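Trainee: all I have is the shape, not the residue letters:
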């Protein structure tokens, strides 16, 4: 450290000056105390005050002993702290400029060399960024493609759930299970709904991502595509950057099937569909997974004629047949036609419509559909790993392009981690956030953090909602676990009976050796709110008996979990209203 080298300590200064410096690398009060102690021991420094929360320090010095650059040099040689840009800040009371763009700061390793480079700008990337910033690391975040915030806020969770809720509002206003209520179809301004969606996305991106990016002190954000030159170097916009460690968090995008004529005719995905301000006349959706189902029901309720063509034998093929049948029954009630086992062979267009041709795999008969509106592709996702020259870094990927990681987010390269939808882990925004954080803590603190997916809850936001956690009966059987299944019709839940909305069921799976709940599946109105109780049961080894004996408020939907647990040993027909 540079101390006592500028003059004689203790002499009365004749001419002083005070400067304000913005200092990077402070994470707590000990950091500011460290800087103050060292600066006060430096000849020529009359007084100093450092605040780790604002990231600023004020220094009064004897101009006969020091100058501004010397003060900056002293700070830069204390630990890992650095004066931002090597110059004093403009004004200690300066206000934000109002810009929405993330600010760029100088890193503390040197030009274009960082402790951590993050490739991606979504949930995993931001979780990693804020974690690394808290550790005082120099970080560069490279974002290309979607706006900052990634899929969830821009084209996924936020806009889709907004449109789903809009559709539900229309549906509930125009349908009533009560004989004494005559519903009236509401007036719908489709364009306004989409414009409101866009405003919501902008607000959420600003609040949850751009403002967060502006608040971090040790992070440089660069817009562009990253390409690996080797396992320690990337190129972005013609410039090269190096880092001690890397985190790849590039997410995934819609998988476009190889169907003759599809690209020539044109198609929409959730990215483009959600921005259409003119209501489509009709939609043919390719794919009956959770994205396809959510889109289909939302847009049907918004007044669009919808059909679904599914390559496999049923909707939501990853779930058991009872789940698929229940949601398909609801779709048919609402006039959404689902065609399972329909294999599309070619797509063409004439002047007024799209022509979809193929074969029904069940009957072997050919089919032909005419679509006057749009085709929407919802046939799963593929990882965004193909445009970064990942092979130059020696990173192993799966046959489908996902980055192989272990349970600590490590790739086969010791200095490269990966998190989120680009990896071979569950593809949820909340798992991505945990994985991004764990990658940083493991890479720089050696904490050996692991994500535990055994009690991972998930929700499909159709109406009724589909939710699950843990094992279903087929998975339990495959693992050789002795199990019992109980399935409670929603009509047996007093709250649902009172509301005249009895769609769906609550299914629990228990281990018969120890009575512990090992899984649950719920198809019910607001089923996503019910699943957390089951998730906690799976996570903490709660037994079916304990669930059955736990007080649940009468006339709540959550009481369905209790009643389902009771039916492992009792017939629901023998239970009174306040079941015990």
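Mentor: Sure, I can see it. Source: prediction; values computed, not measured. Numbering: from 1, shown residues only.

Trainee: the most centrally placed residue in the chain: what's it in contact with?
Mentor: Among the residues of the chain, residue 429 comes closest to the average C-alpha position under CA atoms, centre = their mean, at 2.0 Å. With contact taken as CB atoms under 8 Å, 6 or more residues apart in numbering, residue 429 is in contact with 122, 123, 151, 152, 156, 157. All C-beta spots, glycine's among them, are computed from the backbone N, C-alpha and C.

Trainee: next, the fourth one: secondary structure please.
Mentor: Secondary structure, DSSP: H, G, I helix; E, B strand; the rest coil: residue 152 is helix.

Trainee: does it touch residue 125 like I think?
Mentor: No. Under the criterion of CB atoms under 8 Å, residue 152 is not in contact with residue 125, lying 11.5 Å apart.

Trainee: so these two - more neighbours on which side?
Mentor: Looking at residue 152 and residue 125 with other CB atoms under 10 Å, you find the greater number of neighbours at residue 125, namely 29 against 24.

Trainee: for stretch 342-362, list every residue counted as buried.
Mentor: Residues of stretch 342-362 classed as buried: 342, 344, 347, 354, 356, 358 (neighbour count, 16 or more other CB atoms under 10 Å).

Trainee: I'd like the distance between the fourth one and residue 265.
Mentor: Computed as CB to CB, to the nearest Å, the residue 354 to residue 265 distance reads 6 Å.

Trainee: report the buried residues of stretch 529-539.
Mentor: Burial within stretch 529-539, assessed by neighbour count using 16+ other CB under 10 Å, is assigned to 529, 530, 531, 533, 534, 535, 537, 538, 539.

Trainee: show only the entries of those residues found in helices.
Mentor: Among those, the ones falling in helices (DSSP state H) are 529, 530, 531, 533, 534, 535, 537, 538, 539.

Trainee: which residues does the nearest residue in space to the second one that is not next to it in sequence contact?
Mentor: Right, the one you point to is residue 530. On the basis of CB to CB, 6 or more residues apart in numbering, the spatially nearest residue to residue 530 that is not a chain neighbour turns out to be residue 522, at 5.1 Å. When the contact criterion is CB under 8 Å, 6+ apart, the partners of residue 522 are 465, 466, 467, 468, 504, 505, 506, 507, 530, 531, 534.

Trainee: I'd guess the second one is in a strand, am I close?
Mentor: The one in question is residue 466. Yes. Counting by three-state DSSP, residue 466 is part of a strand.

Trainee: dig out what it forms beta bridges with.
Mentor: Beta bridges link residue 466 to residue 460, residue 523, judged by DSSP bridges.

Trainee: ranges for the strands of the stretch 351-500 of the chain?
Mentor: 354-360, 366-371, 374-377, 381-383, 416-418, 458-460, 465-470, 483-489 (DSSP state E, counting those that start in this stretch).

Trainee: can you check the stretch 201-350 of the chain too?
Mentor: Taking DSSP E, counting those that start in this stretch as the criterion, the stretch 201-350 of the chain carries its strands at 219-223, 226-230, 233-236, 239-248, 252-254, 282-286, 305-309, 337-339, 342-349.

Trainee: next, residue 543: phi, psi?
Mentor: phi -90, psi 160 (degrees, to the nearest 10).

Trainee: might you report the residue contacts of it?
Mentor: When contacts are counted by CB under 8 Å, 6+ apart, residue 543 touches 510, 514, 515, 516, 517.

Trainee: before we move on, back to that, what subset of the contacts of residue 429 is buried?
Mentor: Using 16+ other CB under 10 Å, the buried ones in the contacts of residue 429 are 122, 123, 151, 152, 156, 157.

Trainee: and this protein, what are its domain boundaries?
Mentor: 16-88, 96-254+380-453, 262-379, 458-574 (automatic domain parsing).

Trainee: same list, the ones you listed, but as JSON lines with distance to residue 580 please.
Mentor: Formatted as JSON lines, the domains of the chain follow (distance: least, CB to CB, whole Å):
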{"stretch": "domain 16-88", "distance to residue 580": "53"}
{"stretch": "domain 96-254+380-453", "distance to residue 580": "29"}
{"stretch": "domain 262-379", "distance to residue 580": "27"}
{"stretch": "domain 458-574", "distance to residue 580": "8"}
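
Trainee: redo those domains as JSON lines? Include mean pLDDT.
Mentor: Compiled in JSON lines, the domains of the chain are given as follows (pLDDT from 0 to 100):
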{"stretch": "domain 16-88", "mean pLDDT": "78"}
{"stretch": "domain 96-254+380-453", "mean pLDDT": "91"}
{"stretch": "domain 262-379", "mean pLDDT": "96"}
{"stretch": "domain 458-574", "mean pLDDT": "97"}
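
Trainee: quickly note the distance from residue 292 to residue 209.
Mentor: When CB to CB is the yardstick, residue 292 and residue 209 sit 27 Å from each other.

Trainee: ok, residue 271 next?
Mentor: 17 Å.

Trainee: neighbour count winner among the two?
Mentor: Ranked by neighbour count (other CB under 10 Å), residue 271 and residue 209 place residue 209 first, with 24 against 15.

Trainee: leaving out sequence neighbours, find the closest residue to that one.
Mentor: residue 149 (4.2 Å).

Trainee: can you tell me how far that neighbour is from residue 268?
Mentor: As it turns out, when the distance is counted by CB to CB, residue 149 lies 21 Å from residue 268.

Trainee: likewise for residue 292?
Mentor: Applying CB to CB, one obtains 12 Å for the distance of residue 292 from residue 268.

Trainee: returning to that earlier point: between the strands of the stretch 201-350 of the chain, which one is closest to residue 365.
Mentor: strand 342-349 (10.5 Å; CB to CB).

Trainee: next, the angle strand 282-286 makes with the closest one.
Mentor: Using axes from the mean of the first three to the mean of the last three CA atoms, to 10 degrees, the interaxial angle of strand 342-349 with respect to strand 282-286 works out to 130 degrees.

Trainee: run the angle between strand 342-349 and strand 354-360 for me.
Mentor: Relative orientation of strand 342-349 with respect to strand 354-360: 160 degrees, computed using the same axes, to 10 degrees.

Trainee: before I go, just wanted to say thanks for your time.
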